[in-house]
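Asks: let's see this in three dimensions:
(2 chains)
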Protein chains: 2
Amino acid sequence: MGDGGDALAVDPPPGELQVEQVGHAVDALKVSGEQAAVITPWEVSGKVDYEKLIRDFGSQRISPELVQRVEKATGMPAHRFLRRGIFFSHRELDQLLDMYEKGKPFFLYTGRGPSSEALHMGHLIPFEFTAYLQRAFKVPCVIQLTDDEKFLFAKDASLKFEEYVRLGRENAKDIIAVGFDPELTFIFANSDYIGHMYSNIVKIQRLVTYNQARGIFGFGDSDNIGKHGFPAVQAAPSFSSSFPAIFGEKSNLPCLIPCAIDQDPYFRMTRDVAPKLKYRKPALIHSKFFPALQGDDAKMSASDPNSAIFVTDTPKQIKSKINKYAFSGGGATVEEHREKGGNVAVDIPYRYLTFFLEDDDRLDQIREEYSSGRMLTGEIKAELTSVLQAMVSKHQEARKAATDEVVRQYMTIRPLKKEQ
Amino acid sequence: MGDGGDALAVDPPPGELQVEQVGHAVDALKVSGEQAAVITPWEVSGKVDYEKLIRDFGSQRISPELVQRVEKATGMPAHRFLRRGIFFSHRELDQLLDMYEKGKPFFLYTGRGPSSEALHMGHLIPFEFTAYLQRAFKVPCVIQLTDDEKFLFAKDASLKFEEYVRLGRENAKDIIAVGFDPELTFIFANSDYIGHMYSNIVKIQRLVTYNQARGIFGFGDSDNIGKHGFPAVQAAPSFSSSFPAIFGEKSNLPCLIPCAIDQDPYFRMTRDVAPKLKYRKPALIHSKFFPALQGDDAKMSASDPNSAIFVTDTPKQIKSKINKYAFSGGGATVEEHREKGGNVAVDIPYRYLTFFLEDDDRLDQIREEYSSGRMLTGEIKAELTSVLQAMVSKHQEARKAATDEVVRQYMTIRPLKKEQ
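Replies: Residues are numbered from 1 along each chain as shown, chains lettered A, B, ... in the order given. Model prediction:
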């Protein structure tokens, strides 16, 4: 899995868009327009127009009606990521709901590329959403740690493979801390589990040519041969037969994949090969990208602690980073702000609140107050600070409980069934 | 592993050499000359000049002195394949002997691509030779069944992956029947074992670009992405760290690979990446190709039962095939033969005897008698018939003893050590 992390970062800023990157990017993925964006699982740059992305990728917008259907099917309010359009696009979620309503269960599949020990809040978004889907639909979930991908795609070749394996285990603790049902969740690292899904991997690989992989992923002739084969490794878990000891030998359970939209190429390829293998196409639900503290033109990076709020930050660090670095859409002076109001479309404190503040009424109120200039930048920053301090401190508590032994339990190959 | 089988076949005849095949073949592998030969792990065609191959591949000729060194080191006469130049070329076998003489053991690695249930006598050659090396040097041996390769490279896409897995288990019975030491031999199918060597596989893959793979193996843009990654799967077992539960976690045992010369590209790549991984380069010992019954211009094929002697043939079939199909270097009439003698350079009965008749004196005698015209074609054919009938019947007996349970024992992951 690319990851719910770098995947959600915007990287690098449009001004730095270079010819080589465009060369590596792919027709299908070039979102044309005045300011061309490049979106691949490893590179997101340029100004992203999500409506255009839906048209270019050929996915479906998530309509208010579809959100209501999810609420009705689950008997639970939709997650704020869904009701606020942060998960905004899908493929065949409606058909998955048709089946679910007829009593046919499905399984969830998401993942993370363990590239660093320090996770930021953006990394948690797909996991928080997936955990909600698990609670709401009461379905099993498999989570892939792509230690192999991160090793094969690393630009900096200094880290050993074993280090990516270790990072995967560490990241699993943060994933578990988000709140997955231990009886219904299987976390696996490719370094461990590859053999179990190898027959699906080679079956997928045989159906994809180098030309196609270049077309979908933008691989070049000087890319290593491991990159070429990897898409099949990320595709394989979309098919429940990759988990014979978990879902049963003959299982053909439908799959729903929550992911950031930059991961879509993997699953377009997967959906393309599925019928040739007599498998169901996985359904998808796509999120938008999570912005860096400095705004859309900046990049969140583990090597720049000020670029994001990390799950390891202290309350003091959170406060300080938001006050110092969060890009403000407010006026340059208090007078100007009172007069013109704040621009919520670019204001990072407001945008972060749309991700993290649960209370819809309070969010509406903040938007009104801040846009009108009644609420000041310092005040909206304080609001975000307290929301994030509470959230991060809760995460840190939960992570402490995710010991090596707990990780081992989630990573044990076993049938995923609720004990009755 | 390509295989000790198709690998040993000559395919297709030079007259059928087509532009597309040349296009797919590789500069490094094109043996230039009047009649260009194309030698890749999947395609051997054209007239093979083995001396030229040694120069073009940059390997070493096996000298009579080296054969003597092997005899001295092992205290055993060299195998007829070695003393008759059927294994004719090597890489660093001398350095391996240096180490062995100083008390440093090594392990043997060979393999087979399970493409059909019907093995012919050519398929057994690398295994018979490897079993001899095991007996002579008293060293462990690992044997790879590349069910994944045969599936990914199949021209005919009708067989399922599961069928290649099954063929691998069947072929293992024939391999075991050749006579490998059960305490010192580990047979593994990639479909089973891939996970255990995955860290070495990705480490190798990261060091090889698409351009390099195209250069070494002749892959094209319309080849599937599984082919691109596969060379690392065949390379990985050259490193003893791919067998942590067999040779120990920290093992760095030297490796000797007996194989047909067409497999050399895999191991040139392997030797290239080894120092970058701080591993030892594997040593190699290369065999010539085994001819079809109809001679060098024909192709042995499981779909043509008359193209080869199969290990399942009855004594009657063996006799009949040799009499009907074995290409003869004898005179067109008895008179002509008595006058001019037989041409042992092209005579298949004689050439097969160089592979299968153990007795050197008798072979010399036959060469003299047949070349001079004193021995007739019918007589040399009868000689070969009785040698092959005995050999095949012995194989069939040994194969009966190689039950599923015996296969399971050889394929069990366990330390390879002689019980004292």
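
Asks: which one is the residue in the stretch 1-150 of chain A positioned nearest to chain B nearest to, not counting chain neighbours?
Replies: Per C-beta to the nearest C-beta, A:Asp148 is where the stretch 1-150 of chain A lies closest to chain B, at 5.1 Å. Using the backbone N, CA and C atoms, a C-beta is placed for each residue, glycine as well. Once flanking residues are discounted, A:Asp148 sits nearest to A:Asn190: 4.4 Å by C-beta to C-beta, 6 or more residues apart in numbering or on different chains.

Asks: just give me the neighbour total for the one you found.
Replies: Residues lying near A:Asn190 (other C-beta atoms under 10 Å in any protein chain shown) number 30.

Asks: just the pLDDT at it, thanks.
Replies: Here, the pLDDT recorded for A:Asn190 equals 98.

Asks: doesn't A:Phe151 make contact with it?
Replies: No. Applying C-beta atoms under 8 Å, one finds A:Asn190 not in contact with A:Phe151, separated by 9.7 Å.

Asks: what is the rounded mean pLDDT of stretch A:52-70?
Replies: On average, stretch A:52-70 scores 96.

Asks: can I get it in CSV, CA atoms only?
Replies: Extracted in CSV, the C-alpha atoms of stretch A:52-70 (Å, rounded to 0.1, in the frame of the first residue of the first chain):
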residue,chain,number,x,y,z
LYS,A,52,-11.6,16.8,-12.4
LEU,A,53,-9.9,13.9,-10.8
ILE,A,54,-13.2,12.1,-10.6
ARG,A,55,-13.8,12.7,-14.3
ASP,A,56,-10.2,11.7,-15.3
PHE,A,57,-10.1,8.6,-13.2
GLY,A,58,-13.6,7.6,-14.1
SER,A,59,-14.7,7.1,-10.5
GLN,A,60,-18.1,8.3,-9.0
ARG,A,61,-18.8,11.2,-6.7
ILE,A,62,-20.2,10.3,-3.3
SER,A,63,-23.6,11.8,-3.3
PRO,A,64,-25.6,12.9,-0.2
GLU,A,65,-28.0,10.1,-1.1
LEU,A,66,-25.2,7.5,-0.9
VAL,A,67,-24.1,8.9,2.5
GLN,A,68,-27.7,8.4,3.7
ARG,A,69,-27.8,4.9,2.3
VAL,A,70,-24.7,4.1,4.4
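
Asks: ok, and what's touching it?
Replies: A:28-29, A:31-33, A:39, A:51, A:78, A:82-83, A:85, A:87-91, A:93-94, A:97, A:136, A:261, A:264, A:268, A:284-286 (C-beta atoms under 8 Å, 6 or more residues apart in numbering or on different chains).

Asks: kindly report the same for stretch A:202-209.
Replies: By C-beta under 8 Å, 6+ apart, stretch A:202-209 touches A:229, A:231-232, A:235-236, A:269-270, A:273, A:276-277, B:148, B:151-152, B:157, B:161, B:221-226, B:229.

Asks: show me where pLDDT drops low in chain A?
Replies: A:1-36, A:419-420 (pLDDT under 70).

Asks: quick check: residues of it near chain B?
Replies: Contact residues, chain A versus chain B (C-beta under 8 Å from any C-beta of the partner chain): A:148, A:151-152, A:157, A:161-162, A:165, A:190-196, A:198-199, A:201-203, A:205-211, A:213-214, A:219-226, A:228-229, A:231-232.

Asks: type out the ChimeraX command that picks the buried ones from these.
Replies: Here is the ChimeraX selection string for the buried members of the residues of chain A next to chain B, based on 16 or more other C-beta atoms under 10 Å in any protein chain shown:
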select /A:148,151,152,161,165,190,191,192,193,194,195,196,198,199,201,202,203,205,206,207,208,209,210,213,214,219,223,224,225,226,228,229,231,232
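
Asks: skipping adjacent residues, who's closest to whichever residue of the stretch 301-420 of chain A sits closest to chain B in space?
Replies: Shortest the stretch 301-420 of chain A-to-chain B distance, computed as C-beta to the nearest C-beta: residue-wise this is A:Ile413, at 11.7 Å. Nearest residue to A:Ile413, sequence neighbours excluded (C-beta to C-beta, 6+ apart): A:Ala245, at 5.0 Å.

Asks: show me the helices in the stretch 1-150 of chain A, by range?
Replies: Secondary structure of the stretch 1-150 of chain A by DSSP state H, counting those that start in this stretch: the helices cover A:19-24, A:50-57, A:64-74, A:80-83, A:93-101, A:121-137, A:147-153.

Asks: mind telling me what element A:Val387 is part of?
Replies: For A:Val387, the host element (DSSP states H and E) is helix A:377-401.

Asks: now that helix and helix A:121-137, what's the angle there?
Replies: 70 degrees (axes from the mean of the first three to the mean of the last three C-alpha atoms, to 10 degrees).

Asks: if we can go back for a sec, hmm, the residue of the stretch 1-150 of chain A closest to chain B is touching A:Ser191, no?
Replies: Yes. Under the criterion of C-beta under 8 Å, A:Asp148 makes contact with A:Ser191 at 6.3 Å.

Asks: which neighbours do these two have in common?
Replies: Common neighbours of A:Asp148 and A:Ser191 (C-beta under 8 Å, 6+ apart) are A:Phe161, A:Tyr164, B:Tyr198.

Asks: now the last one: how far from B:Val208?
Replies: From B:Tyr198 across to B:Val208, the span is 16 Å (C-beta to C-beta, to the nearest Å).

Asks: equivalent analysis for the first one, please.
Replies: Counting by C-beta to C-beta, the gap from A:Phe161 to B:Val208 is 15 Å.

Asks: next up, the contacts around the nearest residue to A:Glu92 once chain neighbours are set aside.
Replies: Leaving aside its sequence neighbours, A:Glu92 sits nearest to A:Ala283 (C-beta to C-beta, 6+ apart; 4.3 Å). Listed by C-beta under 8 Å, 6+ apart, the contact partners of A:Ala283 are A:His90, A:Arg91, A:Glu92, A:Leu93, A:Gln95, A:Leu96, A:Phe106, A:Pro254, A:Cys255, A:Leu256, A:Ile257.
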